[in-house]
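structural data only, the sequence is not supplied:
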């Protein structure tokens, strides 16, 4: 996963669940705790995320990670770029599948979607 993709996923998760701990965030993302910490720090330094202590928390180390207005704008920009990249990947994969189906047809094989299972 690229840093941009991790940043996108972090911002998306934080917008939905600002109370996530860094450990929970890392688990949701499938990255190490260090990587989650690094991403949060980078997003905070860029002004996209701010950490606020829970005022009424018994655990004084508990934070809510909130997207700033600039962070919300950045998330929208990154979402569009992420979507564009995934659509390009989808089109490339679709083209590759079509090519493989054509090759299989030329070799006299049946397309997987029309193949019948034999008893």
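Now that the structure is in, tell me what you want to look at. What you see is a predicted model; the values in this text were computed from it and never measured.

in the chain, where is pLDDT below threshold?
By pLDDT under 70, the low-scoring segments of the chain are 1, 54-61, 109-119.

secondary structure of residue 50: a strand, I assume?
Yes. Counting by DSSP: H, G, I helix; E, B strand; the rest coil, residue 50 is found in a strand.

which residues touch residue 8?
Residues counted as contacts of residue 8 (CB atoms under 8 Å, 6 or more residues apart in numbering) are 75, 78, 79, 82. C-beta: built from backbone N, CA, C; applies to glycine.

do I have it right that the last one meets residue 5?
Yes. Contact between residue 82 and residue 5 holds when scored by CB atoms under 8 Å: they sit 6.9 Å apart.

out of the contacts of residue 8, who has the most neighbours?
With neighbours taken as other CB atoms under 10 Å, the top of these is residue 75, carrying 22 neighbours.

list the helices and strands the helix or strand containing that one packs on?
Residue 75 belongs to helix 69-106 when assigned by DSSP states H and E. Packing contacts for helix 69-106, counted by 3 or more CB pairs under 8 Å, 6 or more residues apart in numbering; DSSP states H and E, involve helix 3-16.

relative to helix 69-106, how tilted is the helix it packs on?
If you take axes from the mean of the first three to the mean of the last three CA atoms, to 10 degrees, helix 3-16 sits at 120 degrees to helix 69-106.

neighbours of the residue nearest to residue 13 when sequence neighbours are not counted, how many?
Distance criterion CB to CB, 6 or more residues apart in numbering; nearest residue to residue 13, sequence neighbours excluded, is residue 28 at 5.8 Å. Residue 28 has 14 neighbours, counted by other CB under 10 Å.

again, but for residue 47
Neighbours around residue 47, by other CB under 10 Å: 12.

now do the SS call for it.
Following three-state DSSP, we place residue 47 in the coil state.

I'd say it and residue 72 touch.
No. The criterion here is CB under 8 Å, and residue 47 misses it with residue 72 at 11.5 Å.

phi, psi of residue 19?
The phi/psi pair for residue 19 (degrees, to the nearest 10) reads phi -90, psi 0.

burial count for it?
So residue 19, with other CB under 10 Å, has 12 neighbours.
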